[in-house]
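A.B. asks: Got a sequence here, can you model it:
(chains A and B)
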Amino acid sequence: MKSKKIFALTMACMMGLGAFAGCAKKKDEILNWNFFAAMHGSEINDGNEIQELIAKDTGIRVKETWLAGQTSAEAIGSIVASGELPEFIDGGDGSEELYKAGYLVAWDDYLAKPEFANLKEMYSDKEWEMFKHDGHIYWANVFNNSYGGKPVSHGFNDEAFWIQVRVLEWANYPKIDTLDEYFDLLERYYKENTTNADGTKIIPYTCLCEDWRYFCIENAPEFLDGYPNDGSVIVNLDDPDHPKIVDYNTTPTAKRYFAKLNEIYHKGLMDPEFAIQTYDEYMAKLSTGAVLGMCDQWWNFAGTVNDNFKANKLDEQGMNYVPLGPTIDKGMTNRWYIGANDTLNSASGIAVTTSCKDPDKAFKFLNRMLDQDMHNLRFWGIKDVDYLVEEGTGMFYRTQEMRDKWADSNYTKSHCCMYAYFPQWGGMSRDGINTMQPGDSVSEFFAGMADPLVKCFKAYGYTAYNEFLRSTDGTVGIWYPMYQFSNNLKTDTDAGVAWTKMGEVKHHWLPEIVVADDFEAKWNEYMAAYAECKPEDFLAYMQKTLDDLIAS
Amino acid sequence: MSLMGTNSPALKEKNTRAEMKRQRILLIIAGLFVIYGIVFYYLPLFGWIMAFQNYKIKDGIFGSEFVGLRWFKFLFSDQTFLRVIRNTLCMGVLNLVSTTITAIGFAILLNEVRNTFGKKLVQTISYLPHFLSWIVVTGIVHDALSINGVINELFVNLHIFKEPISFFSHKEYFWPIVALSNVWKETGWNAIIYLATITSIDPALYEAAAMDGAGRWQKIKHITLPGLRSTIIILLIMNIGNVINAGFEVQYLLTNGFIKPVSETIDIYVLTYGVGKMNYSLGTAGGIFKTFVSLVLIVIFNFIAKKTGDERLF
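C.D. replies: Numbering: from 1, shown residues only, chains lettered A, B, ... in the order given. The predicted structure follows:
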């Protein structure tokens, strides 16, 4: 009986406390808003320290959610269908659909007001023009945009054939010009080294084929032919006055590239699980340091993999990757790296939705994100905790301990809040001394590197990742990148149907031709299946889009 | 039942009215369910109109342009869709047959176990997988069948496989994998209803058979199986409509480029085109087709059951 009474009393106390807690919460006037990105990302913890600081400052706490399991198109599709929207959204390829459904708030009125000067400053009038639909702006891409128009990147965020520095070191830092040389080097290294120090079996080459990430196997032919990443097509400039759309899937180079993959598969250099691995498995594989090389985008693997290397001291064994930019034959133009230009992709970006009850406040929040003190807080962290300021010069720097903390996901989840899909700058900071983002700072860039990587940079005499690609031409047309015109294609047009079918056929056939015993026969089968998709409908549409763009 | 044999219409009517009065509570409840059915099952069918439009969210269901049978034409001229129908039906039938047979077999075997504790234990363990969600099951299947997975390790060490098999690189393995996953997950659960039926068979029959010198096998063959017959037929009819729901999660989560041509089901197709490509009209058309096939399957199977003089739904 007694224990029951005590229990009842405890419960009553708890209820009372709960009620008080409820009251306390009401006083907190911070709005809890949501943001959804049609990308993969990791959620930060509730009560994240910097997030709370930003919340106190702006009165808004933004809960970021990401794709979970489904593809971006499916996620946006179901959001559009249900009409249940977060306040902020980055719809990725689905941005256009969100606009068409009338779910996005136009930016124009806000951009015209002086209190939103930071947002206005992001792009020139001409660039904002690119974002317009029906004469209004509905979103702004936040990436590849350097303050003052001067990029300072030492990194390389894009696609390349990556190779571990230990392989280069073993071969005494050779220059790799062609695809054949690249695989030859992997083969020679693998002949003498089949397991790592910890007993893991080395996988000379792997190639992710999962869902939309199959670009890792799919789009290399455009680069190998000496063209930049227009994504869905090549723009041939043999006749400079009449640029011509070329399908890179059917070029002789494409055939040679896949024949090469087929060859290395039969030599046992290709990861036997390449086509059936999931993205998570791929990342786990790379993180063990077992994979010598792969074709991928830096942003698709480097963050997680490099953090894991650091945490397990694998970076000290030369597991880090550097990019290589081979072409199919020697002496060709190389456009893997198209120079330190900001690439404007107007097809997607951050948007405010009609579900937001106070758009004015939302735009103020976006605008506030670009103030220098806020920008530093997001990307550098808290002064004296996450970075130090050198006296006299005003340079920001981090101690090794701080760097290690920022590479530790447990710490970053509870402490760092970058709002990475919200407005931001690259390039130099407004003070002219520091960089907007720590990764772009020269001292921070080299300070964070393990010895083998530094040695590799020194051996080649490079100071930036992009130099490894040895690109010879950085010019791109006004249409660049063409994928901004194809990614939004839907199945209500012939071009869209062709584009969808082409993707389906490639998803199935590319792994098939790599593992084929009779490459020629399978390739012909693949080409026949591909032709059935009527790629000509798609190419004609792209040609017309290109012609219209040049004419305007 | 009391009306049997009466021929006078007036009496019939009077009786009906009296009967209705007596059962008014039941009638009200039944009426509520009818309303529920109309609101939640029939009214949404109005949305089918989208299949005949070029539906755009902005224009809404009343403003979108009508395009007749365009999407149905698209579907049936699309090689992918035809392949998807094949995949769905084949996997559906395979799943239905394998889960039914294993469930019956398992129920009979379990029934023959004399030790009550052992029986309860096995039964409990066997139906636990039913409560796992597919995402967990596919995770287990994917890991177990990977090149470094349990299955390969076991069979290579037992020298049954010469070298590890990459199960998900071969189209011909996929349907059996899906069927086996279903069997693993649902056998125990599906066996419950058969077990219950077996226990309701009159024990006197078994005793009589034993007297006549029937062994265990003969008892199963001549008493248990005939006793299960009507349950099996009813469950088959009910599940045959589900053949077209061959699954979404398993195929969606286990697919890759190699096996896509055999793994895609109608549900996945509807998702990629309807939601992914935001072609809601096409998605709806696919959905209508699916409903239509279910209906046809049930009617046909019910008709067959009627002809053979067995239990039937309607």
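
A.B. asks: CA only for contacts and neighbour counts going forward, please
C.D. replies: Fine.

A.B. asks: what about stretch A:190-199, distance to the chain center?
C.D. replies: Relative to its parent chain, stretch A:190-199 has a centroid offset of 31 Å by CA atoms, centre = their mean, to the nearest Å.

A.B. asks: Could you do stretch A:43-53 as well?
C.D. replies: Distance of stretch A:43-53 from its chain centroid, counting by CA atoms, centre = their mean, is 23 Å.

A.B. asks: Assign residue A:172 to helix, strand or coil.
C.D. replies: Following DSSP: H, G, I helix; E, B strand; the rest coil, residue A:172 is assigned to coil.

A.B. asks: sorry, that was for residue A:64
C.D. replies: strand.

A.B. asks: Next, count neighbours for the residue of the stretch 1-150 of chain B found nearest chain A.
C.D. replies: Here the stretch 1-150 of chain B gets closest to chain A at one residue, residue B:58, 4.8 Å apart by CA to the nearest CA. Neighbourhood size, residue B:58 [other CA atoms under 10 Å in any protein chain shown]: 15.

A.B. asks: pLDDT at it, what is it?
C.D. replies: Confidence at residue B:58, expressed as pLDDT, is 80.

A.B. asks: Could you measure from it over to residue A:170?
C.D. replies: 61 Å (CA to CA, to the nearest Å).

A.B. asks: Near chain B, which residues of the stretch 1-150 of chain A are found?
C.D. replies: Neighbours of chain B within the stretch 1-150 of chain A, by CA under 8 Å from any CA of the partner chain: A:71-78, A:80-81, A:97, A:100-102.

A.B. asks: Inside helices: which ones of those?
C.D. replies: A:72, A:73, A:74, A:75, A:76, A:77, A:78, A:80, A:81, A:97, A:100 (DSSP state H).

A.B. asks: still on that earlier bit, which PyMOL command selects the buried ones in the residues of the stretch 1-150 of chain A next to chain B?
C.D. replies: A single PyMOL command selects the buried members of the residues of the stretch 1-150 of chain A next to chain B (16 or more other CA atoms under 10 Å in any protein chain shown):
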select buried, chain A and resi 71+72+73+74+75+76+77+78+80+97+100+101
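
A.B. asks: which one among the residues of the stretch 1-150 of chain A next to chain B gets closest to residue B:243?
C.D. replies: Nearest to residue B:243 among the residues of the stretch 1-150 of chain A next to chain B is residue A:74, at 24.9 Å by CA to CA.

A.B. asks: Now do the buried residues in the helix or strand of chain B with the lowest mean pLDDT.
C.D. replies: Each helix and strand of chain B was given a mean pLDDT (mean pLDDT, DSSP states H and E); the minimum falls on helix B:9-22 at a mean of 80. Within helix B:9-22, no residue is scored as buried using 16+ other CA under 10 Å.

A.B. asks: ok, then the element right after that helix?
C.D. replies: Tracing the chain past helix B:9-22, the next element assigned as helix or strand by DSSP states H and E is helix B:24-37.

A.B. asks: what about residue A:351, helix or strand, and which?
C.D. replies: Residue-wise, residue A:351 maps onto strand A:350-352 under DSSP H and E.

A.B. asks: for that strand, what is the average pLDDT?
C.D. replies: Mean predicted lDDT for strand A:350-352 stands at 96.

A.B. asks: and if you look at stretch A:501-512?
C.D. replies: Averaging pLDDT along stretch A:501-512 gives 94.

A.B. asks: TSV for the residues of the stretch 1-150 of chain A next to chain B, including pLDDT?
C.D. replies: Shown next, in TSV, are those (pLDDT from 0 to 100):
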residue	pLDDT
A:71	78
A:72	81
A:73	81
A:74	84
A:75	89
A:76	89
A:77	86
A:78	87
A:80	87
A:81	84
A:97	86
A:100	88
A:101	88
A:102	90
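
A.B. asks: Present the residues of the stretch 1-150 of chain A next to chain B as JSON lines; the columns should include distance to residue A:440.
C.D. replies: Listed next are the residues of the stretch 1-150 of chain A next to chain B as JSON lines, based on distance: CA to CA, whole Å:
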{"residue": "A:71", "distance to residue A:440": "31"}
{"residue": "A:72", "distance to residue A:440": "29"}
{"residue": "A:73", "distance to residue A:440": "32"}
{"residue": "A:74", "distance to residue A:440": "35"}
{"residue": "A:75", "distance to residue A:440": "33"}
{"residue": "A:76", "distance to residue A:440": "33"}
{"residue": "A:77", "distance to residue A:440": "36"}
{"residue": "A:78", "distance to residue A:440": "38"}
{"residue": "A:80", "distance to residue A:440": "37"}
{"residue": "A:81", "distance to residue A:440": "41"}
{"residue": "A:97", "distance to residue A:440": "34"}
{"residue": "A:100", "distance to residue A:440": "37"}
{"residue": "A:101", "distance to residue A:440": "39"}
{"residue": "A:102", "distance to residue A:440": "38"}
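
A.B. asks: List phi and psi for the closest residue to residue A:37 other than its chain neighbours.
C.D. replies: Excluding its sequence neighbours, the residue lying closest to residue A:37 (CA to CA, 6 or more residues apart in numbering or on different chains) is residue A:90, at 4.7 Å. Note on residue A:90: its backbone torsions stand at phi -120, psi 100 [degrees, to the nearest 10].

A.B. asks: from what I can see residue A:90 touches residue A:34, true?
C.D. replies: No - at 11.4 Å, residue A:90 and residue A:34 do not qualify as touching, with contact defined as CA atoms under 8 Å.

A.B. asks: between those two, which one's more packed in?
C.D. replies: When neighbours are counted by other CA under 10 Å, residue A:90 and residue A:34 differ, and residue A:90 comes out ahead with 25 against 17.

A.B. asks: any idea how far residue A:66 is from that one?
C.D. replies: Distance, residue A:90 to residue A:66, by CA to CA: 10 Å.

A.B. asks: Kindly report the same for residue A:87.
C.D. replies: Residue A:87 sits 14 Å away from residue A:66, going by CA to CA.

A.B. asks: now swap in residue A:267 and tell me
C.D. replies: Using CA to CA, residue A:267 is found at 40 Å from residue A:66.
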